[in-house]
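Undergrad: Sharing a sequence plus its predicted fold:
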Amino acid sequence: MELLPLNYGNKTLPLKSTPSPKITCFRTIRACSPRQDLKGRTVAVIGLGISGKAAARLALARGASVVGIDQDESLSSLEHDPSFMALNSTGFKTVLGNFDWNLLKDADVVVVSPGVPLEKYGLSYLLQSQGKQVMSELDFAAEALPKSVKILAVTGTNGKSTTVTFAGQMLNHFGIDTFVGGNLGTSLSEAAIQHVTLPAQECKLKVAVVEVSSYQMAIPCVYFRPSVSVVLNLTPDHFERHKTMLDYAEHKCRLFSHMTNAKLGLLSFGNQHLDEAVKKYWNKFNPAWIGAFPGLEIDTEAKIATFKVPDIGIESQLQLGSMRAMGKHNYFNAAVAALSVAGLDVGVHIEDINSTIEKLRPPPHRMQVVHKDIHGVTWVDDSKATNVEATYAGLMGLKGQKSVILLGGLAKVLVGQASNGFEELIEPLTGHRCVITFGASGTMIHQELSDNGLDIPCIQATNLKDAVEQARKMAKHGDAIVLSPACASFDEFRNFEHRGMVFRELALSS
């Protein structure tokens, strides 16, 4: 197809010629918002997934005209989405497929969803242009939140969702009005919509606990200003967007660039990439370490977390023995959540948090017990373990519980490495009943484990259903059958949630 150049300033950008895109026209809906700070302005929202749709609703609620843009022509237009019908705007339209560059050129604000690379839509050019406001969905949402709302932001390769969930459960236990979301599933724009559309006296939100992905930090934030920022860990992942580990680390550490209030920053101790990336922000926050002092250390045998952060006056301990969440790695998730909540300075102290530990529940598909069958076998769904490091953490938490481990799916390629890293699982797999590999990468995983001296039986299955049938034959009374795949799910399933739900259905069919 012929490429037609479009002029933007003194640059020429190529765009594909195409038949007229699928466009729906502006539509006016009833006024319902007391705040109209974007009235008379146009907001272009790029990417109409969960975050993009929420950002579009927020822009409408703030009085803007909205253009929703996505290259996927199979999506439904915003005008046919019931969630848009209760918000006010002078109008909005949807552009699906290829689009007219002028829609971005003429917009006052461009909001970019996290799933959209900056190489698309000419966004890198827009970011360099003078006077053009290009924002992430995260920053656009934070701009609309009252400054009184304190933000706890959590990122890292693994453990984000569980740590965010635990922190939210702790805050809710003490009656503190809390939003929990972000990359976890409910975008921050949803919380902002409540503040925009409700009268001030009805908005009681005190804390936003936000899971943040590196994609959400591709565009540096200005309005997203956490009181507490956490980088849990950093292991190879997302190389399709981040070509190097340092680039990955730099995106994560942008959390520390604009902080407010207590300015507590927690980082994984001893990671060279994080150490390098955080240097530029070192004087912008109060640093503490996960695994060293100042910060927190955990005695997993005694089940005690010790906290020492003199800069914010915290020195205490947390008793973890009553935890019901499966896996010792959840000791770390709970301890980080506790220190983060205490660091918010909302009247909750470490000593108080001891009373919440036995009530903590991880989110679905994270070492979640989904069934205990009549044969005395416990079925555990850890489908969220989509890389080797996540599975390693889960396996380390299973010490003392003999298990049948299911590994497989679509393995992630590690740039510049000869293997896919499964040899790292040899040690934590030792002592278990057996390993069953499956899926697109099942043969490769089987070979990699065998070549590196795995000393327990390793069985190769075709798909997840076959793996479950094999596991049922191998498991004995008192064992666990654990789906902790260390792989993406896209060879067989829509996503890791779908994989976990199918595993649960197969477990219940026993």
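TA: Happy to help now that I have it.

Undergrad: Now for the protein, the helix or strand with the poorest mean pLDDT.
TA: Lowest by mean pLDDT, DSSP states H and E among the helices and strands of the chain is strand 3-8, with a mean of 30.

Undergrad: does residue 404 sit in a helix, a strand or a coil?
TA: strand (DSSP: H, G, I helix; E, B strand; the rest coil).

Undergrad: List the residues that contact it.
TA: 432, 433, 434, 435, 436, 471, 474, 475, 479, 480, 481, 482 (CB atoms under 8 Å, 6 or more residues apart in numbering). Any C-beta I mention is one placed from the backbone N, CA and C, and that applies to glycine too.

Undergrad: Would you check how far apart it and residue 292 are?
TA: 36 Å (CB to CB, to the nearest Å).

Undergrad: again, but for residue 362
TA: Taking CB to CB, one finds residue 362 at 25 Å from residue 292.

Undergrad: same check, this time on residue 179
TA: Distance from residue 179 to residue 292, by CB to CB: 31 Å.

Undergrad: The stretch 301-450 of the chain: helices as residue ranges?
TA: 329-343, 350-353, 388-396, 426-429, 442-451 (DSSP state H, counting those that start in this stretch).

Undergrad: Considering the ones you listed, which stretch scores lowest in mean pLDDT?
TA: Among the helices of the stretch 301-450 of the chain, helix 388-396 carries the lowest mean pLDDT, at a mean of 91.

Undergrad: in it, what counts as buried?
TA: 388, 389, 390, 391, 392, 393, 394, 395 (16 or more other CB atoms under 10 Å).

Undergrad: which residues of the stretch 51-200 of the chain score low on pLDDT?
TA: Applying pLDDT under 70 to the stretch 51-200 of the chain picks out residues 85-90, 130-131.

Undergrad: That one: helices as residue ranges?
TA: Counting by DSSP H, counting those that start in this stretch, the helices of the stretch 51-200 of the chain are 102-105, 123-128, 137-144, 160-173, 188-197.

Undergrad: Nearest to residue 152, out of those helices?
TA: Evaluated over these, closeness to residue 152 peaks at helix 160-173, with 6.0 Å, by CB to CB.

Undergrad: Which residues does the closest one contact?
TA: For helix 160-173, using CB under 8 Å, 6+ apart, the contacting residues are 152, 154, 156, 178, 180, 182-184, 207, 209-213, 230, 232, 325, 330, 333-334, 336-338, 340-341, 346, 348, 353, 355-356, 359-363, 366, 384.

Undergrad: Quick one: residues contacting the residue positioned nearest the centre of the chain.
TA: Centroid check for the chain by CA atoms, centre = their mean gives residue 183 as the closest residue, at 3.8 Å. By CB under 8 Å, 6+ apart, the contact list for residue 183 reads 114, 160, 161, 210, 211, 212, 213, 216.

Undergrad: Repeat the analysis, applying 6 Å as the threshold.
TA: Counting by CB atoms under 6 Å, 6 or more residues apart in numbering, residue 183 makes contact with 211, 213.

Undergrad: and it, how far is that from residue 114?
TA: 7 Å.

Undergrad: returning to that earlier point: comparing residue 179 and residue 292, which residue is more hemmed in?
TA: Counted by other CB atoms under 10 Å, residue 179 and residue 292 do not tie: residue 179 has more neighbours, with 22 against 14.

Undergrad: Quick check: beta-bridge partners of the more buried one?
TA: Taking DSSP bridges as the rule, residue 179 bridges to residue 208.

Undergrad: what about residue 203, distance to residue 180?
TA: Counting by CB to CB, the gap from residue 203 to residue 180 is 17 Å.

Undergrad: Between these two, tell me which one has more neighbours.
TA: Ranked by neighbour count (other CB under 10 Å), residue 203 and residue 180 place residue 180 first, with 24 against 17.

Undergrad: Skipping adjacent residues, who's closest to that one in space?
TA: By the measure of CB to CB, 6 or more residues apart in numbering, the closest residue to residue 180 outside its immediate chain neighbours is residue 168, 3.5 Å from it.

Undergrad: How many residues are close by that neighbour?
TA: Applying other CB under 10 Å, we find 23 residues neighbouring residue 168.

Undergrad: same question, residue 377
TA: 21.

Undergrad: quick one: it and residue 474 touch, right?
TA: No: judged on CB atoms under 6 Å, residue 377 makes no contact with residue 474 at a distance of 10.1 Å.

Undergrad: what comes into contact with the strand or helix carrying residue 229?
TA: Per DSSP states H and E, residue 229 falls inside strand 228-231. With contact meaning CB under 6 Å, 6+ apart, strand 228-231 is reached by 152-156, 252, 255-256, 264-267, 340, 343-344.

Undergrad: at 8 Å instead, please
TA: Contacts of strand 228-231 (CB under 8 Å, 6+ apart): 150-156, 163, 252-253, 255-256, 259, 262, 264-268, 274, 285, 290, 336, 340, 343-344.

Undergrad: returning to what we had before: switch the helices of the stretch 51-200 of the chain over to TSV; also include distance to residue 408.
TA: What follows is those, written out as TSV (distance: least, CB to CB, whole Å):
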stretch	distance to residue 408
helix 102-105	42
helix 123-128	36
helix 137-144	33
helix 160-173	22
helix 188-197	34
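
Undergrad: can you tell which of the ones you listed is closest to residue 303?
TA: Set against residue 303 and scored by CB to CB, these come closest in helix 160-173, at 15.6 Å.

Undergrad: what's the angle between that closest one and helix 329-343?
TA: Computed by axes from the mean of the first three to the mean of the last three CA atoms, to 10 degrees, the angle separating helix 160-173 from helix 329-343 equals 50 degrees.

Undergrad: C-alpha coordinates for helix 160-173, PDB please?
TA: C-alpha atoms of helix 160-173 as PDB (Å, rounded to 0.1, in the frame of the first residue of the first chain):
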ATOM      1  CA  LYS A 160       2.900  -5.900  42.500                       C
ATOM      2  CA  SER A 161      -0.700  -7.000  42.500                       C
ATOM      3  CA  THR A 162      -0.400  -8.900  45.800                       C
ATOM      4  CA  THR A 163       1.400  -6.100  47.600                       C
ATOM      5  CA  VAL A 164      -1.200  -3.600  46.400                       C
ATOM      6  CA  THR A 165      -4.000  -5.800  47.400                       C
ATOM      7  CA  PHE A 166      -2.500  -6.400  50.900                       C
ATOM      8  CA  ALA A 167      -2.000  -2.700  51.400                       C
ATOM      9  CA  GLY A 168      -5.600  -2.000  50.400                       C
ATOM     10  CA  GLN A 169      -6.900  -4.600  52.700                       C
ATOM     11  CA  MET A 170      -4.900  -3.200  55.600                       C
ATOM     12  CA  LEU A 171      -6.200   0.400  55.000                       C
ATOM     13  CA  ASN A 172      -9.800  -0.800  54.600                       C
ATOM     14  CA  HIS A 173      -9.400  -2.700  57.900                       C
END
